[in-house]
Structures are given as C-alpha cells and as structure tokens.
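>>> compute the structure for the input listed below.
(chains A and B)
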Protein chains: 2
Amino acid sequence: MLPSFARVSVAMAILHHYPLCPHSRFIRLVCAELGVALDFVEERPWERRESFLALDPAGNTPVFVAADGLIVPGAGTIAEYLDETREPGMERLMPGDPAGRVEVRRLMAWFSEKFFAEVTGYLVHEKVYKRFVPASAGGGPPDMPAIRAARANVRYHLRYLGYLINQRKWLAGDALTYADLAAAAHLSCVDYLGDAPWNEDETARDWYARMKSRPAFRALLADRVPGMAPPDHYANPDF
Amino acid sequence: MLPSFARVSVAMAILHHYPLCPHSRFIRLVCAELGVALDFVEERPWERRESFLALDPAGNTPVFVAADGLIVPGAGTIAEYLDETREPGMERLMPGDPAGRVEVRRLMAWFSEKFFAEVTGYLVHEKVYKRFVPASAGGGPPDMPAIRAARANVRYHLRYLGYLINQRKWLAGDALTYADLAAAAHLSCVDYLGDAPWNEDETARDWYARMKSRPAFRALLADRVPGMAPPDHYANPDF
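Numbering: from 1, shown residues only, chains lettered A, B, ... in the order given. Below you'll find the model as predicted:
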C-alpha cells in the first residue's frame, strides 16, 4: 500500500485517466482551462494494475501526479489542490468569497456524487466497463433497468441545470468555475453514449453548446472508445 | 428549488442532521472540536420535508446554516467552509501545506465516499432507514447479503486504518485532522449497530478508543435511536 505523502519522480505533471470516466474528464477540462501541461497515462481501472494501485490504493481514476512528484488522487482533491497552488494573479476556477466557494463545491458534489450515482455511474458501468471486464468479474451485457433509470434521472438534472443557468451567466454565478466543468464533463459522457435528451431543456442545451465550443473541450471531443461511436452531433459545437 | 446563494435568518448556527447519519456525525465532531456553537434540528431525510428541501434540493443530511444565515450543504463542503472561515490563530483541523491537505482530503474522501459505499451506506440503509420508511418507498426487513457484504468490507478498512496509524500519530500525520473525525464518525455508526470487528486490528482499535474518549465525542455516544440499543462497549471509552 501507499507510503504516506509519497512522491514519485516525474518529468512533468501526469494525469492517470480513463477516456470515458467523467471524473477524469472533469480534471482534463480543468487542466486545459488553467493551462496545466500534462502527460497522460490511460488506465483501465478494472484491471487494478499494480503500479496504479501503488499510486492510490483506492484504485480509481483520475490520479494526478504534480510536476514535483506529489501524488494527488481523486477529482475533488485534485481540483482543490490545483486551486490552492495557483500563483497569485493566475486564473482561478473558484471564486474568492466563502459564499461563492460554497456554491461551487455544492455543485461539484452535485455532479460528482449525485449525478454520478443517478446517471453517469450506471451508464458508464453498464455500457462501457462491462464490455471489457471478464464475466467472472461482473462483465457482460448491460442491465437495461439500470440504463432506463439513468435515462429517466438525467431529465430532471437537465431541468435543474437550466433553472440555475436562467438566473446566472454560468452555473455557479457570474464566472466559469469548477461547477461548469464538472457538469459538462459528466454530460459529455452521457452525450457520447447517446443518452442526453437535449430537447428536455433549451437553456441547458445552449449552455452545453457554449461549453463544448471552448478550446479546452477539443481533446475530449476527439476521444473515441474502440467499437463505440458517439452520435453525429457529439463533437459538433453547434449540435 | 433553492434560489442562488440563499441565506436564511437564524439566531445562531444550526446543523440539520440525523443521529445515525455518518456524514452528520462527522460534522458534529468537527463543530465540537472547533468550538462552533450549534442549534440542532433532527431531520429524517427519507421524509423529504419541504422546508428541508428548500435549504438543499439534494435533500441529504447534514446541512449547516451559518450564524450569518449562509446555507452550507454536504459534509465535505461544510468542512471546507469551516476551515476557510476560521479567524487567524484559531485551531484548524486541516494542515497548512499542500501535501498535508492532499492527504487529509484523500482520507476524507476515502471514508465519506469509499467506506460509505462499501460499509456505512449499506448498514445504515438496511438496519436503520428501512425500519422507518414505508414499504411502498422501499422500507422493510434488512437485506442480509448487503449487511454481510458490509461486515466483510469493514475488515480491510480497519486493517488499512491500522496500517496508516502505525506510521503516524494520527490518521493523516502528526496532528488530529478532519481525516480522523471522518473515520471515527463512520466507525461510530458501525459500532452502534454492533458490526465493528474490533479484534481485526489492535492499532485501529486503540486509535478508536483514543477518539471516543475525546470530549467532542460525548454527545454522539449519548444518542439513542428508539428501539435500537447499541452494544455495551459502545459508549465506554476503554471498550
């Protein structure tokens, strides 16, 4: 298991990620927005690769390794670390006032925990991971009731997103924050899998079009999982 | 739904909590350690009380309402808020250096997410919530395979805890931090329900005895859920 405060020797910052892991996508967007230069290592978390578990015994993507070798596991912890280690005057994706920070963290948790538990967790597990995992480890055909539950749940999340954006310029207030990037990362996975009902809420749809036209989104939209093509509109910034 | 950055008018800080919710217990311990004076409102989250949902549309315990009326939902967000709004010179439960903060947040996430998903979530749902929820909403007798899974999983978590404490004075390093309080809060729920196998790891057991002998723990150990008595050793600081 991981020795405490372990550091590894690296040439530049590294992100261990899986292309359709929504938590990994969130951190890829964050790093692209902040201009953090990264090497990427693709992990298939279900393989439980020994040298990946040595970085983080929880064995989940993403894991960030800073340029000084500090190991930072988990999307929420990585986001906080990147915010705290910005130089003064550099762009930030968290507001400075306590109330604004509460709202960003509330919405980060909304998407990373609640939306994941009700939508992305089901979809990615059933449609992607189960294709690659051996049957003895729980792989196999997708469980349709789980997918139907995710497809029903995503609708009220889109309406809630639209409700918030109607009162604000961005999801958590006047500026782009981690909240927008977390929400967009999760929705990009849903959209890749063809399960985003964009007719549900026009405001949410327009906000997502704004998000996916940002340069930070380009690398995500270019990713493909072998054998699984996204719908035609997926990589088109104007839908 | 919640208007943005909503505030309510309160006489002092309030914690909306449920006595056997491990996330609520974590924040009760934090507030007791930091000396944050609190009024308490007991919520039964399964009732989805309208005025509770107005505070936080996610509908989960705990929700903290600061003395200035700011609504702060979710244990992780509350912990960060309390750390950020401490006056200079006041006691903190997060280290100041980035590497130390990464380790505390990693372990907070370990217990709030991983341990909850593998242990406390099952136990509290099956043994407590399902007693009170109507059958039409999923209530009923506990699902024994889920409880057996939790009882098996808790063992490796105790060994991991012991492994960490063997290298450090406290869970995340030389000082008591949020990591210890999150871990102890979750374990206190497991222990209340009689499912903590304290013979699994002596170091973990000694650390928990140290934790539950702290004054901050007293109110938790005095709580009782009607019709469910904890084991005899539960409130005894020496086991």
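
>>> in three-state terms, label A:R218 for me.
helix (DSSP: H, G, I helix; E, B strand; the rest coil).

>>> now it: how far from A:A235?
9 Å (C-beta to C-beta, to the nearest Å). Every residue, glycine included, has its C-beta placed from N, CA and C.

>>> more neighbours: the two, which one.
Shown here are A:R218 and A:A235; by other C-beta atoms under 10 Å in any protein chain shown, A:A235 has more neighbours (17 against 13).

>>> mind listing what's buried along the top helix by length along chain A?
Counting by DSSP state H, the longest helix found in chain A is helix A:144-165. Along helix A:144-165, these residues count as buried under the neighbour rule (16 or more other C-beta atoms under 10 Å in any protein chain shown): A:147, A:150-151, A:153-154, A:157-158, A:160-162, A:164-165.

>>> which parts of chain A sit against chain B?
Counting by C-beta under 8 Å from any C-beta of the partner chain, chain A comes close to chain B at A:1, A:3-5, A:56-58, A:70-74, A:76-77, A:80-81, A:84-85, A:98-103, A:105-106, A:109-110, A:113-114, A:160, A:163-164, A:167-168, A:173.

>>> please spell out the PyMOL selection for the buried subset of those.
Entered in PyMOL, the line below selects the buried ones among these, by 16+ other C-beta under 10 Å:
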select buried, chain A and resi 56+58+70+71+72+73+74+76+77+80+81+98+99+100+101+102+103+105+106+109+110+113+114+160+164+168+173
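
>>> what about the residues of chain A next to chain B, which are in strands?
Among those, the members falling in strands (DSSP state E) are A:71-73.

>>> now do the SS call for A:S9.
coil.

>>> for the helix or strand of chain A with the lowest mean pLDDT, buried residues please.
One helix or strand of chain A scores below all others by mean pLDDT, DSSP states H and E: helix A:130-132, with a mean of 92. For helix A:130-132, burial by neighbour count (16+ other C-beta under 10 Å) applies to A:K130.

>>> so, low pLDDT: which residues of chain A?
Flagging of chain A using pLDDT under 70 yields the residue ranges A:1-5.

>>> now do the domain split for it, please.
Listed domain ranges for chain A are A:14-84, A:98-222 (source: automatic domain parsing).

>>> dump those domains to CSV, plus distance to B:R92.
Converted to CSV, these look like this (distance: least, C-beta to C-beta, whole Å):
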stretch, distance to B:R92
domain A:14-84, 14
domain A:98-222, 15
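
>>> distance of the residue lying farthest from the centre of chain A from A:A185?
For chain A, the residue at maximal distance from the C-alpha centroid (C-alpha atoms, centre = their mean) is A:S136, at 28.3 Å. Distance from A:S136 to A:A185, counting by C-beta to C-beta: 31 Å.

>>> tell me how far the longest helix of chain A is from the chain's mean position?
17 Å (C-alpha atoms, centre = their mean, to the nearest Å).

>>> what is the subsequent helix or strand relative to it?
helix A:178-192 (DSSP states H and E).

>>> how many neighbouring residues does A:D201 have?
A:D201 - counted by other C-beta under 10 Å - has 22 other residues nearby.

>>> my read: it touches A:N166, true?
No. The pair A:D201 / A:N166 is not scored as a contact, 9.5 Å apart, by C-beta atoms under 8 Å.

>>> ok, back up a step: make TSV from the ones in strands among the residues of chain A next to chain B and add distance to B:F52 to it.
Converted to TSV, these look like this (distance: C-beta to C-beta, whole Å):
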residue	distance to B:F52
A:I71	39
A:V72	35
A:P73	33
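
>>> of those residues, closest to A:W207?
Using C-beta to C-beta, A:V72 comes nearest to A:W207 of those, at 28.7 Å.

>>> grab the nearest non-local neighbour of that closest one.
Excluding its sequence neighbours, the residue lying closest to A:V72 (C-beta to C-beta, 6 or more residues apart in numbering or on different chains) is A:F64, at 4.4 Å.

>>> how close does the one you found sit to A:A150?
Taking C-beta to C-beta, one finds A:F64 at 28 Å from A:A150.

>>> hmm, back to that, residue contacts, the residue farthest from the centre of chain A?
Contact partners of A:S136, counting by C-beta atoms under 8 Å, 6 or more residues apart in numbering or on different chains, are absent.

>>> so it: helix, strand or coil?
Classified using three-state DSSP, A:S136 is helix.

>>> can you check the one 5 residues further on too?
Using three-state DSSP, the three-state assignment for A:P141 comes out as coil.

>>> how about the nearest residue to it, chain neighbours excluded?
A:K130 is the one closest to A:P141 (C-beta to C-beta, 6+ apart), at 7.3 Å.

>>> again with A:P231
Looking at A:P231 with C-beta to C-beta, 6+ apart, the closest residue is A:G194, at 4.9 Å.

>>> give me phi/psi at that neighbour?
Here is the backbone geometry of A:G194 (degrees, to the nearest 10): phi 80, psi 20.

>>> against A:I147, how distant is it?
From A:G194 to A:I147 the distance is 11 Å (C-beta to C-beta).

>>> the residue nearest to A:P231 reaches A:D232, doesn't it?
No. Counting by C-beta under 8 Å, A:D232 is not a contact partner of A:G194; they are 10.1 Å apart.

>>> between those two, which is the more surrounded one?
Set A:G194 next to A:D232 and count neighbours by other C-beta under 10 Å: A:G194 wins out with 15 against 8.

>>> for A:G69, give me phi and psi.
phi 90, psi 0.

>>> give me every residue that touches it.
A:7-10.

>>> highest neighbour count among those?
A:V10 (15 neighbours).

>>> mind listing what that one touches?
Applying C-beta under 8 Å, 6+ apart, the residues near A:V10 are A:39, A:65, A:67, A:69.

>>> apply 7 Å and report the result again.
A:65, A:67, A:69 (C-beta atoms under 7 Å, 6 or more residues apart in numbering or on different chains).

>>> look up how far A:A175 lies from it.
31 Å.

>>> now A:L20
28 Å.

>>> so for these two, which sits in the more crowded spot?
Neighbour count, other C-beta under 10 Å: between A:L20 and A:A175, A:L20 has more, with 22 against 15.

>>> that one touches A:V124, doesn't it?
Yes. A:L20 lies in contact with A:V124 (C-beta atoms under 7 Å); the separation is 5.8 Å.

>>> what do the two both touch?
Contacts common to A:L20 and A:V124, judged by C-beta under 7 Å, 6+ apart, are A:C189.

>>> now what about stretch A:209-226, what contacts it?
Contacts for stretch A:209-226 (C-beta under 7 Å, 6+ apart): A:19-20, A:25, A:28-29, A:32-33, A:128, A:180, A:184, A:188, A:234-235, A:237-239.
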